[in-house]
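# need a structure here:
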Amino acid sequence: MKAVPTSPPQPPKTEDRRRPSNPPREATPDRIARPAPGNAEIRVPKAAELIAETLRRRIVLGELLAGDALPSEAEMMAQFHVSRASLREAFRILEAETLIEVKRGANGGARIKVPQDEAAAKSVGLLLQMRGATLKEVLQARLIIEPSLMRSLAEIRTEDDLRALREHLEWEEAHLADFNVFALATAELHRILVQRAGNVPLALMVGMLDDIFRRHVTHFVSRARPDQLELNKLALESHRVLYDMILHRNPDGAEATWRYHMHRVKDVVLSELGEATVLDLY
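Numbers count the residues shown, from 1 in each chain. Prediction:
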């Protein structure tokens with residue numbers, strides 16, 4: 001029988017590893033990575049955001065201090081290998097966060113600006129007002145937090161704390177009959193107390209709430225209550241009792257005194273302005 005010719009064995013197929021003629025473009029910060037189906041998209045930060053993050057971290061760590069001048073735009077563009085547009089966008093981010101201040105002109109430039117509590121209070125106040133929070137809720141939040149801070153202050157107080165409190169009480173006594181000044185002085189006392197109580201997060205929270213309440217103090221005082229002088233005297237007496245509790249390291253007494261005082265303040269203010277009063281800040 002005639003033999004049937006057979007094809008020579010073929011080598012196994014191998015993966016074509018040649019470089020494509022049109023390789024994909026290199027990813028840039030503005031491009032979006034496309035993950036596998038079912039996963040959320042991962043956004044690559046823009047150059048401006050990365051610059052802002054770097055400078056923000058240096059400020060938080062204390063490497064850049066309030067008043068420090070940043071290098072010129074040309075120097076920073078070379079340092080970060082970015083365009084002027086990206087650098088200025090980074091500056092706008094940090095300005096919005098009140099971390100830097102940029103001045104234009106021949107003697108201008110960017111300087112570090114440490115944010116103040118008022119900036120946080122403004123943002124929180126805006127959110128609370130947009131969500132329909134009431135003055136009653138703000139006072140209740142303070143009532144939950146502040147008395148326990150007075151307990152802490154009575155336990156850890158220093159001679160410097162006592163001196164600051166004595167000086168402030170003397171200021172209040174000297175302005176009992178000046179209703180606007182006294183009202184703001186009592187608000188300032190809350191700030192002094194919570195800042196010296198040894199808990200930074202709670203002090204910041206109370207400070208924001210107190211700033212919101214402070215904006216309503218003028219409205220309350222403008223009602224010209226006939227018993228306002230007596231209310232001021234009662235407030236000053238409560239402040240003095242609290243001072244004595246702190247002086248003698250009586251945490252139970254300090255907490256109870258401040259809770260009673262704040263309950264009374266809440267009742268008086270809400271009886272005048274109304275429990276349903278919605279925050280009116282902006």
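# helix or strand for the residue nearest to Ala90 when sequence neighbours are not counted, which one?
Spatial nearest neighbour of Ala90, chain neighbours left out: Ile51 (3.8 Å); criterion: CB to CB, 6 or more residues apart in numbering. Every residue, glycine included, has its C-beta placed from N, CA and C. For Ile51, the element it lies in under DSSP states H and E is helix 47-60.
# residues of that helix that come out buried?
Ala47, Ala48, Glu49, Leu50, Ile51, Ala52, Leu55, Arg56, Ile59 (16 or more other CB atoms under 10 Å).
# Flag the shaky bits of this structure, pLDDT-wise.
1-44, 219, 276-278, 280-282 (pLDDT under 70).
# Please, where are all the strands along it?
Along the chain, the stretches classed as strands by DSSP state E are 32-33, 42-43, 100-103, 109-112.
# one step back: which strands and helices sit next to the helix holding Ile51?
Packing partners of helix 47-60 (3 or more CB pairs under 8 Å, 6 or more residues apart in numbering; DSSP states H and E): helix 73-80, helix 84-96.
# ok so, going back, the residue nearest to Ala90 contacts Arg92, correct?
No. Between Ile51 and Arg92 there is no contact under CB atoms under 8 Å: 11.1 Å.
# Can you tell me the centre-most residue of this structure?
Ala120 (3.7 Å; CA atoms, centre = their mean).
# ok, so what distance separates the nearest residue to that one once chain neighbours are set aside from Ser238?
Setting aside the residues directly before and after it, Ala120 is nearest to Met208 in space (CB to CB, 6+ apart), at 5.6 Å. Using CB to CB, to the nearest Å, Met208 is found at 23 Å from Ser238.
# Looking only at neighbour counts, state which of the two leads.
Counted by other CB atoms under 10 Å, Met208 and Ser238 do not tie: Met208 has more neighbours, with 22 against 18.
# shouldn't that one be in contact with Ala119?
No. If you go by CB under 8 Å, Met208 and Ala119 don't touch, sitting 9.9 Å apart.
# what separates Pro147 from Met208, distance-wise?
Distance from Pro147 to Met208, by CB to CB: 18 Å.
# actually Lys266, not the one I typed
According to CB to CB, Lys266 and Met208 sit 18 Å apart.
# and if you look at Gly125?
Gly125 sits 8 Å away from Met208, going by CB to CB.
# what do you get for Glu97?
Counting by CB to CB - Glu97 and Met208 are separated by 16 Å.
# just Glu137 next, same as before
13 Å.
# Over to Glu63?
Distance from Glu63 to Met208, by CB to CB: 27 Å.
# Equivalent analysis for Arg166, please.
The value you get for Arg166 to Met208, if CB to CB is used, is 27 Å.
# Equivalent analysis for Ile112, please.
In terms of CB to CB, Ile112 sits 23 Å off from Met208.
# Ok, Asp252 next?
Counting by CB to CB, the gap from Asp252 to Met208 is 28 Å.
# What of Arg225?
Taking CB to CB, one finds Arg225 at 27 Å from Met208.
# Now do the helices in the chain.
Along the chain, counting by DSSP state H, helices occupy 47-60, 73-80, 84-96, 117-130, 135-156, 159-174, 179-195, 200-221, 228-247, 251-273.
# Turn those into JSON lines, including distance to Leu279.
Listed next are the helices of the chain as JSON lines, based on distance: least, CB to CB, whole Å:
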{"stretch": "helix 47-60", "distance to Leu279": "30"}
{"stretch": "helix 73-80", "distance to Leu279": "41"}
{"stretch": "helix 84-96", "distance to Leu279": "23"}
{"stretch": "helix 117-130", "distance to Leu279": "5"}
{"stretch": "helix 135-156", "distance to Leu279": "6"}
{"stretch": "helix 159-174", "distance to Leu279": "26"}
{"stretch": "helix 179-195", "distance to Leu279": "16"}
{"stretch": "helix 200-221", "distance to Leu279": "7"}
{"stretch": "helix 228-247", "distance to Leu279": "23"}
{"stretch": "helix 251-273", "distance to Leu279": "11"}
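# What distance do you get for the residue lying closest to Met76 once chain neighbours are set aside to Trp171?
Residue nearest to Met76 in three dimensions, not counting chain neighbours: Leu87, with 5.7 Å by CB to CB, 6+ apart. For Leu87, the distance to Trp171 equals 47 Å [CB to CB].
# So for the two, which sits in the more crowded spot?
Leu87 (21 against 14).
# how close does the residue lying closest to Ala48 once chain neighbours are set aside get to Glu95?
Nearest residue to Ala48, sequence neighbours excluded (CB to CB, 6+ apart): Glu89, at 3.7 Å. Counting by CB to CB, the gap from Glu89 to Glu95 is 11 Å.
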